[in-house]
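1. got a predicted structure here, sequence first:
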Amino acid sequence: MFKMRERYENRNFINHRCTLKEEHMEENAIGDFFSSFAKRMKEFDEQNTLEMDFKYPITIKGIKKSPFRDMSIGAKKGDFVAVRPCGNEKTYLGLYLGDMPLEILCHLENETQILNITQHGNPAIFVFDLSDIVWGCGSWWGKIKDEKHLMEITDGDIQNIWYVKALKQLTG
């Protein structure tokens, strides 16, 4: 239905590009969302040059650095969480550290020649047994609210998440 190709842009957009085929667009909320998303990405591409597309030398008339915003959802810093890294069968106890910068991105506004620098964040979780940080984008995780939330995160739990179900329906 759509191809994903990784592209980086400012924090107002998701960090994946979707190229949609018109024959697959349906008159429903998901179709409307992806149609609107594709339109915004096209507008962004027309108005900006991403760092991987820079043709040097470039003229920069100014630099705008956006402050990092902690977009933490579902947990507060210091909460205990259950985390299952992708590709791993085991669920671990983790400590939610908050939304942390994962990478620094930049794009050049074509009209103003202002270089925009932003930080792309992601939930960071310290996993005690691994003595390492696991990123939210590389795991399945959830806040431990009480004893019943200490359970393992199973394949069934992952398959029952609404966006996993939606992606399965979209891709047939």
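-> Received the coordinates, thanks.
2. assign S36 to helix, strand or coil.
-> Here S36 is helix, with the state taken from DSSP: H, G, I helix; E, B strand; the rest coil.
3. near it, how many other residues are there?
-> 10 (other C-beta atoms under 10 Å). The C-beta positions use only the backbone N, C-alpha and C, and glycine is treated the same way.
4. and the gap between it and L130?
-> Noted for S36: a distance of 39 Å to L130, by C-beta to C-beta, to the nearest Å.
5. what's the answer for E51, then?
-> Taken as C-beta to C-beta, the span from E51 to L130 is 32 Å.
6. with Q159 instead?
-> Counting by C-beta to C-beta - Q159 and L130 are separated by 25 Å.
7. which of these two has more neighbours?
-> Neighbours per residue (other C-beta under 10 Å) separate Q159 from L130, with L130 holding more: 14 against 10.
8. correct me if wrong: the more buried one contacts Y92.
-> Yes: at 6.7 Å, L130 and Y92 qualify as touching, with contact defined as C-beta atoms under 8 Å.
9. just the buried positions in stretch 119-138, please.
-> 119-127, 134-136 (16 or more other C-beta atoms under 10 Å).
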